[in-house]
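Engineer: Here is a sequence with its predicted model. Questions after.
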Amino acid sequence: MSVCRPVRCLFASASLSKPSASAAPKRSFHASAPRAARKRRPHYPSIKAEDLKLLNQAAETQYPKYDTSETALLEKRYTPAQIAAIKAAETAIDSRDLLTQSSRRTDPWLLPYEDDMSEVDPVTDHAEKLDPSDIPGSHDFQDVNEEERDEAITFIANENLAKMFPDGLPEGELSVETQRQLEEAMGTAVTQAVLDPRASFRVKNRHAAAALSDPRHSIVMPDIPRIDNRMVRQTRRLSSEEAEDPRQKRLLQYLNWDKTKLRSIKVKTLVVHGVTNQTRMGKIRSMYYLTIAGNQAGLLGVGEGKSVEPDEGRKQSVMAAIRNMRPIPRYENRTTFGDLECKVGATKVQLFARPPGFGLRVQHLIFEIARAAGLQDLAARTPRSRNKMNVIKATWEALCNQKLPDEIARARGKKLVDVRKVYYGGSVH
Amino acid sequence: MSLVNLAHVCSHLQNASKARLGLTSIPVSKMHVNLMLGLQREGFISSVTLGGTTPPTPFLLQDQIDPEEHSDMAQKLAAEPWAAYPSAESPSGNLLGGREISYNVKVPQNPARRRLWLGLKYWNNEPVLKNMKLVSKPTRRLWLTSEDLGRITRTREAAYVKGLTHPGECMFLTTDRGILEARECVERKLGGMALCRVY
């Protein structure tokens, strides 16, 4: 016999004692209210019939349907198939939606052509361009002389001022504000007049004169748009805003470099881990950083930093890496001089010179180091321990302490010749 | 011809270089002498002298000159710089006043007491001979043809011998024309038994 049955019987008797009209169970085993009891909200705002009528009227006035005269005009321009497509599009988009959801641009940076800008179409979304064949008549023009230029500037400035003050210039006793506005407007008008092509060239043909100031005839590409959004504004920093780091300043003094040169140094933090110092008071946790720095052209440095503050330790290591940069001899600016080997602790690193085009077939740490130093062809083995810090230090040591052929030649009192260089006539790099 | 002694010589030269010794001695054998002369020819060691259990008198190119003579010599050299070099009239003596002194080295009658004294070289606070290792082993001799040697000197592996990939690395072989360097063997199209590699 099931244990559940008496419980069910118990509930059944309870519901039987109080019969209710609704199908929803009275008793619930949950703390939250039953679904039916929650207040239901529609997913769309309820629009009253009167408002709807108003909306319909507004949509009809704002976006009227084509009338017969307009369709007649369309028929002149478009083929029947195109007209069918236009009609289909007209019916597909509800004019009420257009009214409620879309907006027309009225700002001064409005584009001279229609586009919703939701996506960029590389074919159609180009500013309209015209070429000289679009200008009827002669294209001749002459440079103006001094007098003509002054005359033209005066004329155009007056024209511009007339546009800015359609009711005529303010006369008589002026307030400070109006005076300032007037001066500003005059300055603008003169600047625009000076920049106007009509002030520099004399053109007989009216269309050619118009083309001079027409942006569609400009051969200058419009500026790349300045992207402006919240993300950009937060990340944008001016050089004046940048806090002067005293450590960086000292480093620059030490290296006798300027900031641009420092910026060309590639820096990468390769090892990060926490370390603890056990004292009487307890454990003091700090972060250890090992960073490499290189100019990708034969300079390489390794720096370590440790601090309770993670950012501080990191900065320490970066500065140390840049300060410790040492020259790395590179054969043909791509690989090492022969095979190298260095041992630090239990870590042994073997580096092998390789022919052009071999690439960096090395483990990730040595890869980063080789890239920072500007080596392109290298093979490596770490046959013993692969402790990250020691691998980096051993690689750096090996690269720094290379024996150069001319040094060997001096030491042995022999003549050594780079056969590759001789064979290729010194044109290998 | 045991290679065991040669192995000892290799280790000894490495150790002596590490200890920055100026002069060291090895047991004498025909192979050792020829190999050491080869090393001297390649510039790894400065001098090879047969001697006894005590080191020979240091080899001096020139005897010291007085400070007074120094100023005279400087004046003369300023006027005639070519006088620094030996000429037809004075093939040995030159203006610098140096007379090469060759001491008579006493070589013991007993061959067992003879030693080969080698002058080691250093440059820029680094030994010139840093690494010296056997290629053939006492239990496994390796003979290389001139084709193999051609590959090896061009840093490729051949006949189970690794290429000469370190800068300035040399390999010595014993051939029927004596102990020669690998590049020399390639030049003369000779093969032989590999002895040791040095860099």
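Structural biologist: Structure's in. What do you need?
Engineer: how about the residue in the stretch 201-350 of chain A that chain B sits nearest to, secondary structure?
Structural biologist: Using C-beta to the nearest C-beta, the single residue of the stretch 201-350 of chain A nearest to chain B is A:Gly338, 3.9 Å away. For glycine as for every other residue, the C-beta is placed from the backbone atoms N, C-alpha and C. Taken by DSSP: H, G, I helix; E, B strand; the rest coil, the conformation at A:Gly338 corresponds to coil.
Engineer: what does chain A put close to chain B?
Structural biologist: Within chain A, the positions lying close to chain B (C-beta under 8 Å from any C-beta of the partner chain) are A:337-339, A:352-353, A:402-405, A:407-414, A:416.
Engineer: Mark which of the residues you listed are buried, thanks.
Structural biologist: Using 16 or more other C-beta atoms under 10 Å in any protein chain shown as the burial test, those include A:337-339, A:352-353, A:402-403, A:405, A:407-408, A:411-412 as buried.
Engineer: ok, A:Phe367 touching A:Ala373?
Structural biologist: No: A:Phe367 is beyond contact range of A:Ala373, at 10.9 Å (criterion: C-beta atoms under 8 Å).
Engineer: among the buried ones among the residues of chain A next to chain B, which are in strands?
Structural biologist: Among those, DSSP state E puts A:352-353 in strands.
Engineer: Tell me which of A:Phe367 and A:Ala373 has more neighbours.
Structural biologist: A:Ala373 (28 against 16; other C-beta atoms under 10 Å in any protein chain shown).
Engineer: and that one, what does it touch?
Structural biologist: By C-beta atoms under 8 Å, 6 or more residues apart in numbering or on different chains, the contact set of A:Ala373 is A:294, A:296, A:298-300, A:328, A:330, A:399.
Engineer: Check which element follows the worst-scoring helix or strand of chain B on mean pLDDT along the chain.
Structural biologist: Taking mean pLDDT, DSSP states H and E as the measure, helix B:67-79 is the helix or strand of chain B with the lowest mean score, a mean of 82. Going down the chain from helix B:67-79, the next helix or strand is strand B:115-120, by DSSP states H and E.
Engineer: quick one on the thing from earlier: does the residue of the stretch 201-350 of chain A closest to chain B really touch A:Ala353, like I thought?
Structural biologist: Yes: counting by C-beta under 8 Å, A:Gly338 touches A:Ala353, with 5.6 Å between them.
Engineer: intersection of neighbour lists for these two?
Structural biologist: Common neighbours of A:Gly338 and A:Ala353 (C-beta under 8 Å, 6+ apart) are B:Thr165.
Engineer: number of nearby residues for B:Val107?
Structural biologist: 16.
Engineer: do the same with A:Thr260
Structural biologist: Quick note: A:Thr260 (other C-beta under 10 Å) scores 7 neighbours.
Engineer: Relative to chain A, which residue of chain B is the closest?
Structural biologist: For chain B, C-beta to the nearest C-beta, closest residue to chain A: B:Gly43, 2.9 Å.
Engineer: That residue touches A:Lys415, doesn't it?
Structural biologist: No: using C-beta under 8 Å as the test, B:Gly43 is too far from A:Lys415 to be in contact (10.2 Å).
Engineer: Compile the buried ones among the residues of chain A next to chain B into JSON lines and extend it with columns for pLDDT.
Structural biologist: Formatted as JSON lines, those follow (pLDDT from 0 to 100):
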{"residue": "A:Phe337", "pLDDT": "94"}
{"residue": "A:Gly338", "pLDDT": "93"}
{"residue": "A:Asp339", "pLDDT": "95"}
{"residue": "A:Phe352", "pLDDT": "96"}
{"residue": "A:Ala353", "pLDDT": "95"}
{"residue": "A:Gln402", "pLDDT": "94"}
{"residue": "A:Lys403", "pLDDT": "93"}
{"residue": "A:Pro405", "pLDDT": "92"}
{"residue": "A:Glu407", "pLDDT": "91"}
{"residue": "A:Ile408", "pLDDT": "93"}
{"residue": "A:Ala411", "pLDDT": "93"}
{"residue": "A:Arg412", "pLDDT": "92"}
